[in-house]
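Peer 1: Just a sequence and a predicted model for now, questions to come.
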Amino acid sequence: MNRPLDVSRALLSVDLAREPEFRIGSLRVCPSQRQIMAAGRQETVQPRVMQVLVALARAQGAVVSREQLIESCWDGVVVGDDAINRSIAKVREIAEFAGTRHFTVETIARVGYRLSTPAAAEGQISPQTQAGPESPPRADGVPAAAASTLRRHGYAAIGAGILVAAIAAALVARIWLPVSRDIGIAVIASGAPIRDSLAAELENIAGARGGLAFSNGSGAGPADFVLNVVLQRFGARLEADAALTKRGSEDLLWSSSLVATDPALLRQRVTYAAFRVLACATGASNDVRKLDGSRLRLLFSACNRPDFDGADDLAIALWRKVVQADPGNARALAMLGFVEAGSSDASEDETPSVLARRRIARSHLQAALAMDSNIGIAYAAEENLLPRWRYADRLDLLDRGIAHDPDCAALHAMKAQLLMDIGNAEQAINSTRRAVDLNPASTLFRNGLITTLAYAGYATTAAAELKDAERIWPDSPMIEDARARFDLRFGDANRLLRALDNGTAIPNMPTPWEYSLRDLLLARAQPTATNISAAIDAARRLAQHNDPQIPLQNLVYLGAIDEAYGILNNPRALVRLRHGDTDILFRAYMRPFQRDPRFPVLARELGLLQFWQASGLWPDFCDDRHLPYDCRQEARRLHATPLPRRS
């Protein structure tokens, strides 16, 4: 039976170092070690997740509000819903530890959360103060079954017999409960402005994904690698030289020099630069601790590429070398398949070379998953090999990948793109934020967050994110791309015009598109009838290339809705849209296009209407109160109508 909640106890800040061990059913929880144990398995969990588990367990089955969780686990610092939702999701994963459902976490709408155990384990949420005869784990860490076996063989005696039993139990526990710990990195920093907080900042951003543990100083904790940061001042400028080595070796694995005038900004730049390469290297190795110097240098060279820049011939060559040097490394093999898949995107023309590269990528991915089915990046790569219009198959692959590897940031970023493709911008924002939370050092994921926010209609929030990203990465091509995309539709049209006049091209933009976009920028900066007419004419000319992406958006932006629908009467343009970026249809400035009664017919021809109807994942615009039609009724009506034949 659930006991009444001691409110004063529940609101106490959760200090893991002072929390006693306790049990939830057959699950043993050791907060000070951040460990959970059951069924012969042991695992270390993230600090915040352990705090939330402790707070819920304290409540003894009573409801804990989100405000109480913030008070006890975040020290009262206001955090967003995403942070709490992520922690609750992780606690629910713990509930399924070792193949057994030890407890459930129930969401009480608009109130909070409640942790409860199955009926058979009722009342077993308790501190680990005494280990009774029916206690699955004992206070000395020996599983009950092991202790019973020892007693049967005469080890449970007094005096010297107890000592023998303790030693034997420790050995048995070591065999039955293999210790898995995070990769340890000792941070040695000289220079007062960053020395005391660099390790803490690295530990903070590592907490969202786990796997990495940072300590301040070479003697603190079981470090596997050493990050040495030397700070120098040159007038108003601060420079930090960062170097990574394996502990006990002087072989340089990675280095970088970062500059800033503000110590806090410099610390942030060092943090992100180090975290990005460490997260890549540890995620692309079965166990980075077991690699020798030459294999480590190969791995860090592959990881030290600019943010996807990634899927080019040099990246493929580097990852191929990593795999050749460590052929049993399933994660490196999956990473090779990922960059190969990225260089043979399914939306490209099916030339023999592209088809061959896809076959090679798929064989590498299948081999990696045969060795380890939990590698998230392999599922991300497989999704990349599917045509864009196979929405259901893409969603299934990404969801399976996230179920196997929930901390794979690439999976969440790719799911955000899929959600934009099918019109679910609000959910896409959550997915892309999750990707950034898991790897805040990635300019690729930050670019995705900025553009997703802007295209979903949150231009002010996107502008703030963009400003922060430009402060951290002033020379990043990815952030420059985000700035150009933002200014094109939402920001300073004159700034982008000046860049074009000075010969600075819009990143990743084909020349014919740039000409049309320049006319659009003129119409935005000076919306005269002449400029608007010229921009519409430019969009018409660009539409003759059979690629509707830019002309369609420009025509809608300029109010020429009939002309926008007209360019999709071209079957080739429609095919290009179906195989390309349907997300353009669901951007905030495309709402007049969506409100037109012709839109459901277009959605059917693109396969979107069928997907919405089958999956129940209706796009956000269907809830628009100004919509002159009902999405679901139109889907039922059109379902009974044959698709028109197109020549």
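Peer 2: In hand now; what should we look at?

Peer 1: Where do the helices of the stretch 1-150 of the chain begin and end?
Peer 2: For the stretch 1-150 of the chain, the helices defined by DSSP state H, counting those that start in this stretch occupy 7-10, 47-58, 66-73, 81-95, 144-152.

Peer 1: which one of these has the lowest average pLDDT?
Peer 2: For these, the weakest mean pLDDT is recorded on helix 144-152, namely a mean of 32.

Peer 1: does Ser285 really touch Ala334, like I thought?
Peer 2: No - taking contacts as C-beta atoms under 8 Å, Ser285 lies outside contact range of Ala334: 11.0 Å. In short, each C-beta sits where N, CA and C put it, glycine included.

Peer 1: And the two? Which one has more around it.
Peer 2: Per other C-beta atoms under 10 Å, whichever of Ser285 and Ala334 has more neighbours is Ala334, with 28 against 23.

Peer 1: what helix or strand is that one on?
Peer 2: Here Ala334, judged by DSSP states H and E, is contained in helix 330-342.

Peer 1: Past that helix, which element shows up next along the chain?
Peer 2: helix 352-371.

Peer 1: helices or strands up against that next one?
Peer 2: Counting contacts by 3 or more C-beta pairs under 8 Å, 6 or more residues apart in numbering; DSSP states H and E, helix 352-371 packs against helix 330-342, helix 376-384.

Peer 1: okay, how far is it across stretch 467-480, tip to tip?
Peer 2: Using C-alpha to C-alpha, to the nearest Å, one end of stretch 467-480 lies 11 Å from the other.

Peer 1: Only the buried residues of that stretch, if you could.
Peer 2: Under the neighbour-count criterion of 16 or more other C-beta atoms under 10 Å, stretch 467-480 has 469, 472-473, 476, 478-480 buried.

Peer 1: and which of the residues you listed is nearest Met420?
Peer 2: Closest to Met420 out of the buried residues of stretch 467-480 is Met478 (17.7 Å), distances taken as C-beta to C-beta.

Peer 1: Do I have it right that the closest one meets Ala441?
Peer 2: No - with contact defined as C-beta under 8 Å, Met478 and Ala441 do not form a contacting pair (11.8 Å).

Peer 1: Next, the nearest residue to Pro222 once chain neighbours are set aside: secondary structure please.
Peer 2: Distances taken as C-beta to C-beta, 6 or more residues apart in numbering put Gly184 closest to Pro222, at 5.0 Å, once the chain neighbours are dropped. Assigned by DSSP: H, G, I helix; E, B strand; the rest coil, the conformation of Gly184 is strand.

Peer 1: do you know how far Gly184 is from Ala213?
Peer 2: Distance, Gly184 to Ala213, by C-beta to C-beta, to the nearest Å: 5 Å.

Peer 1: When the two are compared, which one has more neighbours?
Peer 2: Set Gly184 next to Ala213 and count neighbours by other C-beta under 10 Å: Ala213 wins out with 22 against 18.

Peer 1: Remind me which helix or strand the more buried one belongs to.
Peer 2: Assigned by DSSP H and E, Ala213 falls in strand 212-216.

Peer 1: what's that strand packed up against?
Peer 2: Here strand 212-216 touches strand 183-190, helix 198-206, helix 263-283, going by 3+ C-beta pairs under 8 Å, 6+ apart.

Peer 1: Direction included, what does that strand pair against?
Peer 2: Take DSSP bridges as the rule and strand 212-216 pairs in its sheet with strand 183-190 (parallel).

Peer 1: Would you map out the domains in this protein?
Peer 2: Using automatic domain parsing, the domain parsing of the chain gives 7-134, 140-180, 184-275, 288-413.

Peer 1: can I get these in TSV with distance to Pro597?
Peer 2: Below are the domains of the chain laid out as TSV (distance: least, C-beta to C-beta, whole Å):
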stretch	distance to Pro597
domain 7-134	36
domain 140-180	58
domain 184-275	45
domain 288-413	23
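
Peer 1: about what we covered before: tell me what angle the helix holding Ala334 forms with helix 263-283.
Peer 2: 100 degrees (axes from the mean of the first three to the mean of the last three C-alpha atoms, to 10 degrees).

Peer 1: Packing partners of helix 330-342?
Peer 2: helix 313-325, helix 352-371, helix 376-384.

Peer 1: List the neighbours of it that are in contact with it.
Peer 2: The contact list for helix 330-342, computed with C-beta atoms under 8 Å, 6 or more residues apart in numbering, reads 283-286, 299, 302, 308, 310-311, 315-316, 319-320, 322-323, 326, 357-358, 360-362, 364-365, 367-369, 371-372, 375, 377-378, 380-382, 384-385, 410.

Peer 1: what's the answer for stretch 620-633, then?
Peer 2: Contacts to stretch 620-633, defined as C-beta under 8 Å, 6+ apart, come from residues 423-426, 586, 591, 594-595, 597, 600, 612-613, 618-619.

Peer 1: on that earlier part again, mind checking which of the buried residues of stretch 467-480 land in helices?
Peer 2: Counting by DSSP state H, the buried residues of stretch 467-480 place 469, 472, 478-480 in helices.

Peer 1: one step back: so for the strand holding Ala213, mean pLDDT?
Peer 2: 85.

Peer 1: Tell me what angle that strand forms with helix 198-206.
Peer 2: Angle, strand 212-216 to helix 198-206, by the same axes, to 10 degrees: 160 degrees.
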